[in-house]
Each structure stands twice: as structure tokens, then as C-alpha cells.
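Visitor: next input, structure requested:
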Amino acid sequence: WLHSNNISRIQTGAFRGLGRLEELDIGDNVNLKHLSPSAFRGLVRLHRLQLHHCGLSALPVELFRGLVSLQYLYLQDNSVDHLPHGLFADLANLTHLFLHGNRIRSLLANAFRGLVNLDRLLLHQNRISLVHSGAFRDLGKLVMLYLFNNNLTVLSGDTMTPLTSLQYLRLNGNQWICDCRCEALWEWLQRFRGSSSRVGCRAPPPLADRDMKSLNSSEIEGCADSSNHINTNIFSTKTRAQQLSTVPPPRCCPPHTQHSATLYTRNKSGPSSYNSRGSTNSPLKVKQNISKNKYTDSDTDSDSDTDSDGDGHPSTNGTYRHGLSDAPVGTFSANIDHSIVKLSPELLDNLQSSTLPTTKKKRKCYKKLKVDST
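Guide: Take a look at the predicted model:
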């Protein structure tokens, strides 16, 4: 026995030649901060190992490798904060595992893999807030499980399913949330025939200090459904440069918002097209407007030709000029040919004289050619 000494380190080969050793007590060595991964290599007959109250903060993953005869392992009252994956893989004969009084925060999947004969598992007075659904997968023979005085709020019913031999369970001293998230655990507790402690609810407030086991199924309903939350930042109508975004419209939008802008040049009434009368964007009507010599406000209805957007450019085709924010999300403006819309009367007059030359201009051109030839 080496307990209550001032041992600070145990190196590889420290117990070489002690192959018949059955019990090793190194407990209460508060300065024992470091253990070599091969410190206990060769102790194939060891069935009891005491490492309690030694100030250990980490356990090397190979620390218990080869201890195939070990039955009792005391690791309580240390500063261990996590259990490495595969730490107990070789301890198939272990029946008692004491891990209480540490700083363990979570029990990951297969944390106790290989402990197929474990009878008692003490994990109380830690800081456990998360238990993976596969943490107790190999513990089919476990009889006693202590998880009291931790930070647990929820525990899946699937987590407890492998514990078919469990008879003693203590879950008190946690922060249990007794709403729909505890339904699986509540159902498992209703079927459990062993001895269990009180499972006090911390939330919601109407159920505070109630025992989860005594609740009715109707009292644990009403979780907030986060699936209905819509992320409004996914789709944007403009970029930071105040340009139309190229992101396509969401599927939730009406079907007409997923078509191109040509849909809005048709004769269609309603807030999406702004055409209270027949549209004049067709090539035939544009040609007729160009061939006219006069440009008056009497060609269209007065409520269609006013400067509605405040930019000083009246509408020339019976529709309002669209801005960036007029079109639905993910579509472009209905006015495709902006060059025709923005023509001024002077440009229209010049365009008429260049496309329809008069007879007078032809005579002047012929006369000039005659003078040049003489």
C-alpha cells in the first residue's frame, strides 16, 4: 500500500516484476499530477486499483491497458474533466467504477465501451450536463447508477434503454426541464420497476419542484417549435451596392414572382404591373408614337402621365417608370427598354426627320452634287 504519501509522479516500469500483485492502493497522494501511460503495464493479476484523491486532472487513454483482471477501480475525488474514448476498453471484468467528485462535463458515445460486466457506476457530484444516447451502450449488467448533483437538464430515453438490469437509480439534484423534451425519460421512468430517487423539475415555472415521475402526460407538452422559424436573411432584394440581388426568389413566393420581367409588360391589372389601362410597350405602338409630330399629355390618361416617382421624367407609354423596389423579390423591373421610355420630344423630332426625309432635302443634295461636278 502506498496511500497517503507525497508521490508526485509514477513512471513507466515502476511496478515491473510484480506480475502477481492483486491490490494496489496509491490513494490520497494529493500531489500525484502525472501518470505515465504505461505505469501499470504488466499487472495482469491486479483486481483492485485505488487512485482516489490524488489531484489527477487527466487520464491517459492507455493507462489501464492490459489490466484484464481488474474488478474495482477507484478514481473519485480527483480533478478529471473528461474520459478519453476507449479508456476502459480492456476492463471486461470490471464490476465497480467510482468516478464521483470529479469535474466531468459530458459523457460521450461509447464512454464506457468494454465494461460489459460493470455492476456499479458512480458519477454523482460532477459537472455533467450532456449524456450521449450511446454512452451506456455496453452496460447491460449495470445494477446501480448514480447521477445526482450534476448539471443535467434533459436525458434521452434512448440513453437508458440499454440498462436492462438497473435496480438503483439516483437523478436528484439536477436542473431538469419538465416539458416535451423530457417525454422520453418520463416514459422510461414509468416503465422502470427499480428504486429511483425524486426527479425534481426546475422548469417551467408552473412545474417547479414537482417530481417528474408524478406528472401526467398532458403536463409535459408545449415545447417551442423552432422549426417554424424563418431566416429572413437568406433572400435579399438588394446588395450593399444598391443593386438587384441575383439570388432567386424563395419557393414560398407566389408563382408569378418566379417569371421573368416580360410577364409585367402584358395587359394586366393589379399592384404588380401598374397597368390600369392597356400597355403600349408593343413595337407597333412605339412606332406610332415615334411617327407623330406632337408630344402632348392628351395621348394618355392624366393619372398615368404624371411624375409619380418625383424624378422629373413623365411616362410615355401609359405606365409608371419602375424603381428597384417596385418589382417583387428576385425579379427585375418591368420596363425593359429604358431608352425608349426616356426619349425627350426633341429627340423624337430629330428621329422623325432622319428616318423620313422630305423632298426638299433631296433636291438640295442633288444641287450640291451638280455644283461639285462643274
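
Visitor: what's the helix or strand for L73?
Guide: strand 72-74 (DSSP states H and E).

Visitor: continuing past that strand, what's the next helix or strand?
Guide: On the C-terminal side of strand 72-74, the nearest following helix or strand under DSSP H and E is strand 96-98.

Visitor: quick one: buried residues of that following strand?
Guide: 96-98 (16 or more other C-beta atoms under 10 Å). (C-beta placed from N, C-alpha, C; glycine too.)

Visitor: can you check stretch 181-189 too?
Guide: Applying 16+ other C-beta under 10 Å to stretch 181-189 flags 181-186, 188-189 as buried.

Visitor: ok, back up a step: given the strand holding L73, what are its sheet partners and their directions?
Guide: Strands that pair with strand 72-74, judged by DSSP bridges, come out as strand 48-50 (parallel), strand 96-98 (parallel).

Visitor: export the buried residues of stretch 181-189 to CSV and tack on secondary structure?
Guide: Formatted as CSV, the buried residues of stretch 181-189 follow (DSSP: H, G, I helix; E, B strand; the rest coil):
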residue, secondary structure
R181, helix
C182, helix
E183, helix
A184, helix
L185, helix
W186, helix
W188, helix
L189, helix
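
Visitor: so which of those is the closest to L207?
Guide: C182 (9.9 Å; C-beta to C-beta).

Visitor: distance check, the closest one against V68.
Guide: The gap separating C182 from V68 is 40 Å, by C-beta to C-beta, to the nearest Å.

Visitor: model confidence over the strand holding L73, on average?
Guide: If you average the pLDDT over strand 72-74, you get 98.

Visitor: can you check stretch 49-66 too?
Guide: Here the average pLDDT along stretch 49-66 is 95.

Visitor: list the buried residues for that stretch?
Guide: 49-54, 56, 59, 62-65.

Visitor: what is the nearest of the residues you listed to F112?
Guide: Nearest to F112 among the buried residues of stretch 49-66: F64, at 12.4 Å, using C-beta to C-beta.

Visitor: am I right that the closest one is in a strand?
Guide: No. Counting by three-state DSSP, F64 is not found in a strand; it is coil.

Visitor: didn't it look like it was pressed against P84?
Guide: No. The pair F64 and P84 fails to qualify as a contact (C-beta atoms under 8 Å) at a distance of 10.6 Å.

Visitor: what's the neighbour count on the closest residue to M212 other than its chain neighbours?
Guide: The shortest distance from M212 to any residue other than its chain neighbours is 4.0 Å, reached at V199 (C-beta to C-beta, 6 or more residues apart in numbering). Neighbour count of V199, defined by other C-beta atoms under 10 Å: 26.

Visitor: go on, the one 4 residues further on?
Guide: Under the neighbour criterion other C-beta under 10 Å, A203 is assigned a count of 13.

Visitor: and S218, by the same measure?
Guide: Residue neighbour count, defined by other C-beta under 10 Å, stands at 7 for S218.

Visitor: doesn't it lie inside a helix?
Guide: Yes. Under three-state DSSP, S218 sits within a helix.

Visitor: how far away is it from L70?
Guide: 48 Å.

Visitor: in the protein, what helix or strand scores lowest on average pLDDT?
Guide: helix 302-305 (a mean of 44; mean pLDDT, DSSP states H and E).

Visitor: endpoints of stretch 16-27, how far apart?
Guide: Stretch 16-27 has its terminal residues 20 Å apart, counting by C-alpha to C-alpha, to the nearest Å.

Visitor: for S156, what are its contacts?
Guide: Applying C-beta atoms under 8 Å, 6 or more residues apart in numbering, one finds that S156 lies in contact with 131, 133, 184-185.

Visitor: all strands of this structure, in order?
Guide: Assigned by DSSP state E, the chain shows strands spanning 9-10, 23-25, 34-35, 48-50, 72-74, 96-98, 106-107, 120-122, 130-131, 144-146, 168-170, 176-177, 195-196, 201-203.
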